[in-house]
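>>> Sequence unavailable; structure follows:
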RNA sequence: GCACCCGUAGUGAAAUGGAUAUCACAACGGUCUUCGAAACCGUUAUUCCAGGUUCGAAUCCUGGCAGGUGCACCA
């Protein structure tokens, strides 16, 4: 429809002797101003040497020579805006279209035949997931869904940083403090022979991630004592030398970490096609550095460290290998990027990572280009705004100012279940509570612009009224039960506009959904979806309040039901692009 | 010092360069014997400052001010 009107405008302008170099056609903010609006008359008035309103009238006269059935009327308003009002039939047809497409309504093909490899989440396996991970995971889940809806083949990836000093601290914490009888053991050989004397998370009565979290903190604290720190460093060295006993211990603690993270990630809707484990590629990076050195991409400093040469790329330099010859994050990222690219043959590679990594990301991309791993334009860092805890300032795991994700979800769930207890079947409480808790938290984060800093307020995130996930879910579920009640009448809808029907604002919004999906994809903006869903729900709830939908006496009732079902379909599809599932009842 | 991000009602947020800046929370006042009140209807209140570009600026540019982040051998 949009293209159609644009063509009409372009032809009209050409006929008037104006060469249009671009036409702005948009949905006016006010529905009363029509369905599409253009400012072309304002923009081209000067070129036409006339005033905007006069030009607008000429354009309208020109367009009116053709009969377009979808356009009911064209009006001129304000300083010279031309407003297009679409016909009742157009809206009814769009409702029919939604009902026909169901789950696929809203899909576009703007990224057809493109492969996007997206890295997100990547929590370190020595800690339980906390609020600091939240925005990353939710943004990633949503963007993957949005890109898929726009036709891309999406590969979801995570990097598991499973080696190094932090993991060694966790191993040490487990060794010295997880023994069932509470005694302290530092001899790893003894552990290997008497594994069953150590607690499992179940035996300790803890969730595995929290078990790990506690042991890591214990290990980190122990390292304040130089003697212990030496022992921990020794673990790293022995691990790198593939000492079988150390590897056994390493695998043991990691298995607990993975078990915990897997659960939390699943609760947030995060799925992965590939997990890259650091231990499998961390040594590869140095080869790239050596190649780069011989090609003159890098230079060696007097102290032995190897430095980038990025001045020509407009970036500050960074060390790629330390003076002692050991690797840095960027060293292995070179190898990893190369591996990812070769594996997926991706047209676009995306890193969803916090904004503080911005410079490091640009450096990585630039170096990859210098080494011929890929072009800078194929790589994209997608950052997001900071999140602070309201009233407490920045989150810090060091100061113990940590809020665990599972606790937040559980708290929301408890509150929701209390509310639903009398209303729905007991067997559904758990799963519905989980869905709604997730929706409250996910929507609370995703409705904000991606780069907007958020002050996370726990009580605000657990809210159930207003601009919230549960509000959207409630609207959708309520629509569902109306449709259920009128399932006989809905069959009477014949796809035509009922007599005496006045087009509703709800219809004027429903058909825009695919445009919103397209914009969310182009701008990598989940918030575009979120904002649309709030507006759509408000329109449905107002419609619901004003109209009786199921009414045997009312000849428009079948269409109202069809409209309600179209709303429900659009909401479900929209929510799923935010990673949010809709329950049947709540 | 340099670079990047941000600044919108009391609070949290929205707004592809468009018309009277939108939504929610909070506050105040209404609406359940009738399809689900987690809802609806109404009232009050907002673009950091100064220039500039433009027919038109919360949005773009310049300069301030305030906040955040990063800047080579940490992860």
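Okay, I see it. Predicted, not measured: the structure shown is a model, and the values here were computed from it.
>>> Report the closest residue of the stretch 151-300 of chain A relative to RNA strand B.
Closest to RNA strand B within the stretch 151-300 of chain A is residue A:164: 4.5 Å, counting by CB to the nearest atom of the strand. For every residue, glycine as well, the C-beta is placed using N, CA and C.
>>> What about that residue, how many residues nearby?
Residues near residue A:164, counting by other CB atoms under 10 Å, number 16.
>>> Quick check: the gap between the residue nearest to it when sequence neighbours are not counted and residue A:285.
Excluding its sequence neighbours, the residue lying closest to residue A:164 (CB to CB, 6 or more residues apart in numbering) is residue A:236, at 6.9 Å. Plainly put, residue A:236 is 17 Å away from residue A:285 if you go by CB to CB, to the nearest Å.
>>> ok, the two, which is more surrounded?
Under the neighbour definition other CB under 10 Å, residue A:236 and residue A:285 were set side by side, and residue A:285 has more, 23 against 18.
>>> Once you drop chain neighbours, what's closest to the more buried one?
residue A:331 (3.7 Å).
>>> Counting by contacts, list what whichever strand or helix holds the one you found packs against.
Using DSSP states H and E, the element containing residue A:331 is helix A:329-344. Helix A:329-344 is packed against strand A:115-119, strand A:153-160, strand A:274-277, helix A:278-281, helix A:285-295, strand A:319-321, strand A:348-352, helix A:358-370, with contacts defined by 3 or more CB pairs under 8 Å, 6 or more residues apart in numbering; DSSP states H and E.
>>> okay if I get these as JSON lines plus distance to residue A:104 and mean pLDDT?
JSON lines is the format used below for these (distance: least, CB to CB, whole Å; pLDDT from 0 to 100):
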{"stretch": "strand A:115-119", "distance to residue A:104": "20", "mean pLDDT": "97"}
{"stretch": "strand A:153-160", "distance to residue A:104": "16", "mean pLDDT": "97"}
{"stretch": "strand A:274-277", "distance to residue A:104": "27", "mean pLDDT": "96"}
{"stretch": "helix A:278-281", "distance to residue A:104": "38", "mean pLDDT": "92"}
{"stretch": "helix A:285-295", "distance to residue A:104": "43", "mean pLDDT": "94"}
{"stretch": "strand A:319-321", "distance to residue A:104": "46", "mean pLDDT": "95"}
{"stretch": "strand A:348-352", "distance to residue A:104": "23", "mean pLDDT": "96"}
{"stretch": "helix A:358-370", "distance to residue A:104": "35", "mean pLDDT": "96"}
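>>> Rebuild the ones you listed as a markdown table, extending it with distance to residue A:521.
Converted to a markdown table, the helices and strands packed on helix A:329-344 look like this (distance: least, CB to CB, whole Å):
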| stretch | distance to residue A:521 |
| --- | --- |
| strand A:115-119 | 10 |
| strand A:153-160 | 11 |
| strand A:274-277 | 22 |
| helix A:278-281 | 31 |
| helix A:285-295 | 33 |
| strand A:319-321 | 35 |
| strand A:348-352 | 12 |
| helix A:358-370 | 21 |
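>>> Now distance to RNA strand B too, for these, in CSV please.
Below are those laid out as CSV (distance: least, CB to the nearest atom of the strand, whole Å):
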stretch, distance to RNA strand B
strand A:115-119, 15
strand A:153-160, 12
strand A:274-277, 14
helix A:278-281, 9
helix A:285-295, 12
strand A:319-321, 3
strand A:348-352, 13
helix A:358-370, 4
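>>> isn't residue A:287 right up against residue A:332?
No: Residue A:287 is not in contact with residue A:332 according to CB atoms under 8 Å; the separation is 10.9 Å.
>>> what about the residue in the stretch 451-586 of chain A positioned nearest to RNA strand B, which SS state?
Relative to RNA strand B, the nearest point of the stretch 451-586 of chain A is residue A:466 (2.3 Å; CB to the nearest atom of the strand). Three-state call for residue A:466 (DSSP: H, G, I helix; E, B strand; the rest coil): coil.
>>> mind listing what residue A:416 touches?
Shown in contact with residue A:416 (CB atoms under 8 Å, 6 or more residues apart in numbering): A:432-433, A:436-437, A:440, A:464, A:470.
>>> Where is pLDDT lowest across those residues?
Across the contacts of residue A:416, the bottom pLDDT score, 91, is held by residue A:464.
>>> Quick check on that one: phi, psi?
phi -110, psi -10 (degrees, to the nearest 10).
>>> number of nearby residues for it?
16.
>>> so what's it up against?
Residue A:464 neighbours (CB under 8 Å, 6+ apart): A:415-416, A:419, A:440, A:470-471.
>>> what do you get if the cut-off is 7 Å, keeping everything else the same?
A:440, A:470 (CB atoms under 7 Å, 6 or more residues apart in numbering).
>>> gap between it and residue A:133?
24 Å.
>>> got it, and residue A:231?
Residue A:231 is 30 Å from residue A:133, by CB to CB.
>>> More neighbours: which of those two?
Using other CB under 10 Å, the more surrounded residue of residue A:231 and residue A:133 is residue A:133, with 22 against 18.
>>> Secondary structure of that one: a helix, I assume?
Yes: judged by three-state DSSP, residue A:133 forms part of a helix.
>>> From RNA strand B, how far off is it?
From residue A:133 across to RNA strand B, the span is 14 Å (CB to the nearest atom of the strand, to the nearest Å).
>>> Where do the strands of the stretch 351-500 of chain A begin and end?
A:379-382, A:387-389, A:454-456 (DSSP state E, counting those that start in this stretch).
>>> contacts with RNA strand B among the contacts of residue A:416, please.
A:436, A:464, A:470 (CB under 7 Å from any atom of the strand).
>>> Quantify the burial of the nearest residue to residue A:339 once chain neighbours are set aside by counting its neighbouring residues.
Excluding its sequence neighbours, the residue lying closest to residue A:339 (CB to CB, 6+ apart) is residue A:281, at 6.2 Å. For residue A:281, the count of nearby residues is 18 (other CB under 10 Å).
>>> show me what contacts residue A:281?
A:332, A:335-336, A:339.
>>> What subset of those is buried?
For the contacts of residue A:281, a burial check counting by 16 or more other CB atoms under 10 Å picks out A:332, A:335-336.
>>> Tell me the one among those residues nearest to RNA strand B.
residue A:332 (10.1 Å).
>>> distance of that closest one from residue A:339?
10 Å.
>>> just residue A:88 next, same as before
57 Å.
>>> And residue A:168, how close does it get to residue A:220?
10 Å.
>>> no wait, residue A:464
Using CB to CB, residue A:464 is found at 39 Å from residue A:220.
>>> Would you mark the buried spots in stretch A:374-381?
A:374, A:378-381.
>>> contacting residues around it?
A:341, A:348-351, A:353, A:358, A:361, A:365-366, A:368-369.
>>> Most widely separated two among the residues you listed?
A:341 and A:358 (21.0 Å; CB to CB).
>>> neighbour-wise, which of these two wins?
A count of neighbours by other CB under 10 Å puts residue A:341 above the other of residue A:341 and residue A:358, at 17 against 12.
>>> Could you find the closest non-adjacent residue to the more buried one?
Per CB to CB, 6+ apart, closest to residue A:341 is residue A:374, 5.4 Å.
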